[in-house]
Each structure stands twice: as C-alpha cells, then as structure tokens.
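Engineer: no FASTA, just this:
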C-alpha cells in the first residue's frame, strides 16, 4: 500500500468521523423538539409513497421523483437548445434564446408555476397540475442550464473545432462527437447542482394541490397540529433524495473523467 493510498484512506476516515459527529449533533438538536415519533411513523408511509392517493395515483416521494425526472429531461433539452441559440449568429435564434433565459431566470419560480397553471387557461389550454408543474420546472431550470451548457461549450479550445474540421468532420459531427462529450465534463457538477435545486424547488408545485412530499407534510401537520414532526420528516426525505443525486453526480464524474474525481 503506497503513501497516497494510506493518505486517501486516512482522509476518508477523518471525513466519516466528522459526518458522524455532525449527525449526532443534528439528532440531539431534533430530540430537543419533543416530537411525537408515533405520529411520524404513522404518516411516514404516506410521505414515502407506499400508499396511493385517494384518486388512485402515486403520491409523496414517487410523485416528486416522477415530476422531477421528466422536468430534468425536458430542461436538459431546453437548456442545450437555448445554449446553442446564445452561440448562434442567427438573430432570431439569439433573440429567442436571450429572451427566454432572461425572463425565466429573472422571475420567481412560484410566479412561473402560477402563471402556467392559472394563465394558460386564459388563452385556451387547460393544463392539469402535474403537467403545469413539470412545464414550470423545465422552463425555469432549462434557462439556468443553458448558461451552464454555454459556458461549458465555450470552455473547449477553438483548436478542437479546427482539428476536427481538418480531419473532414462536418460542423454538426464535430459538435456531437468532439465538443459535446468534452463539454459535459465541465457541465456535470453545476448541472447536477441544478437538479438538486430542482428537487427541492419541486415543493413549490404543492400550491397546485399536487400530493407530493411537501403538500402531504403540510396537510398531515395541519390536521393534527404536528407541524414540526411533518416538516422535519419532509426535510429528511428531501435530504436523502438529494444525497442520492450527489452519489449519481460522483458516479457520472468518474465516468466522464476516466475514474478520477477530486
């Protein structure tokens, strides 16, 4: 076992001990609230999504994941298209892209949710709560991702374009086979940070009555005057889901960096 391996192992143990100490402190802090744990255990299966909602659809964690996964996929597509629009010399594409990113980065997500849910019926379409939530999250985070993708693409040296073109690749082939894979290495950490933020902001769709984690926590807390029990339970669930996304981020970074991470 070489010196670097020993140092890495020692560092991991030290970090683990710090985490354990902080977790003990967190549990001690929560214990001071004198929570009704029996009520927490009674309602936890509903927040975790082990039971269907009264209309027979998923609720709690599965509904939150369902909304977020579709919104993430749509936001990646929107973000990439908007980034290409920002880099385009076409005035129409550039104008649409800059207007889109400016508006959706410059207005609160809650306002966007309400505008889509209550505003679209004014001009014809009547979206239900789930599509409205997915559209709002995708549009908002697509705007943020567009800047991440744009900066990642610009970070690739111009010589990469010229070398690929010299080898006979067309412009779209150069982008898909040379530029995009390299830019993903740059975009993954901030992009995953956006996804974690989206997971937490998905709680805002509760204003439309979606039976997601935050809506259930507020409803159960209000009905039994056990707000703190339900809010802490929801916080722990969001934390666990965010931690899983961090693990996915670490795995993706290893894949795109050939097994090396910092």
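Structural biologist: Yes, it's here. Quick caveat, the model's predicted, so the values are computed rather than measured.
Engineer: In stretch 88-100, which residues are buried?
Structural biologist: By neighbour count on 16 or more other C-beta atoms under 10 Å, the buried set for stretch 88-100 is 93, 97, 100. (C-beta placed from N, C-alpha, C; glycine too.)
Engineer: Can you tell me the closest non-neighbouring residue to the second one?
Structural biologist: Yep, that's residue 97 we're talking about. residue 85 (2.9 Å; C-beta to C-beta, 6 or more residues apart in numbering).
Engineer: Please compute how far the strand or helix carrying that neighbour lies from its chain's middle.
Structural biologist: Applying DSSP states H and E as the criterion places residue 85 in helix 61-87. Distance of helix 61-87 from its chain centroid, counting by C-alpha atoms, centre = their mean, to the nearest Å, is 9 Å.
Engineer: Next: stretch 199-210.
Structural biologist: Relative to its chain's centre, stretch 199-210 lies at 13 Å (C-alpha atoms, centre = their mean).
Engineer: tell me which residues in it are buried?
Structural biologist: For stretch 199-210, by 16+ other C-beta under 10 Å, it's 199, 200, 201, 202, 203, 204, 205, 206, 208, 210.
Engineer: residues contacting the fourth one?
Structural biologist: Residues near residue 202 by C-beta atoms under 8 Å, 6 or more residues apart in numbering: 64, 67, 68, 71, 133, 137, 212.
Engineer: Residue 211 is in contact with the first one, correct?
Structural biologist: Just to be clear, that refers to residue 64. No. Residue 64 is not in contact with residue 211 according to C-beta atoms under 8 Å; the separation is 9.7 Å.
Engineer: so what's the residue lying closest to residue 40 once chain neighbours are set aside up against?
Structural biologist: Sequence neighbours aside, residue 229 is the residue nearest to residue 40 in space, at 5.1 Å (criterion: C-beta to C-beta, 6+ apart). Counting by C-beta under 8 Å, 6+ apart, residue 229 makes contact with 35, 36, 37, 39, 40, 43, 221.
Engineer: So between residue 64 and residue 211, which is more surrounded?
Structural biologist: Using other C-beta atoms under 10 Å as the criterion, residue 64 and residue 211 rank with residue 64 on top: 29 against 21.
Engineer: which ones are touching residue 213?
Structural biologist: When contacts are counted by C-beta under 8 Å, 6+ apart, residue 213 touches 47, 60, 61, 64, 203, 234, 237, 238.
Engineer: let's see 6 Å
Structural biologist: 47, 60, 64, 234, 237 (C-beta atoms under 6 Å, 6 or more residues apart in numbering).
Engineer: one step back: which parts of the helix holding residue 85 are buried?
Structural biologist: For helix 61-87, the neighbour count (16+ other C-beta under 10 Å) marks 61-68, 70-72, 74-76, 78-86 as buried.
Engineer: mind listing the helices for the protein?
Structural biologist: For the chain, the helices defined by DSSP state H occupy 3-31, 37-47, 61-87, 91-106, 109-114, 129-154, 158-166, 171-174, 180-201, 213-224, 227-256.
Engineer: The fourth one packs against which elements?
Structural biologist: In other words, helix 91-106. helix 61-87, helix 129-154 (3 or more C-beta pairs under 6 Å, 6 or more residues apart in numbering; DSSP states H and E).
Engineer: to the chain's geometric centre, what's the distance from stretch 111-122?
Structural biologist: Here stretch 111-122 is found 22 Å from its chain centre; the criterion is C-alpha atoms, centre = their mean.
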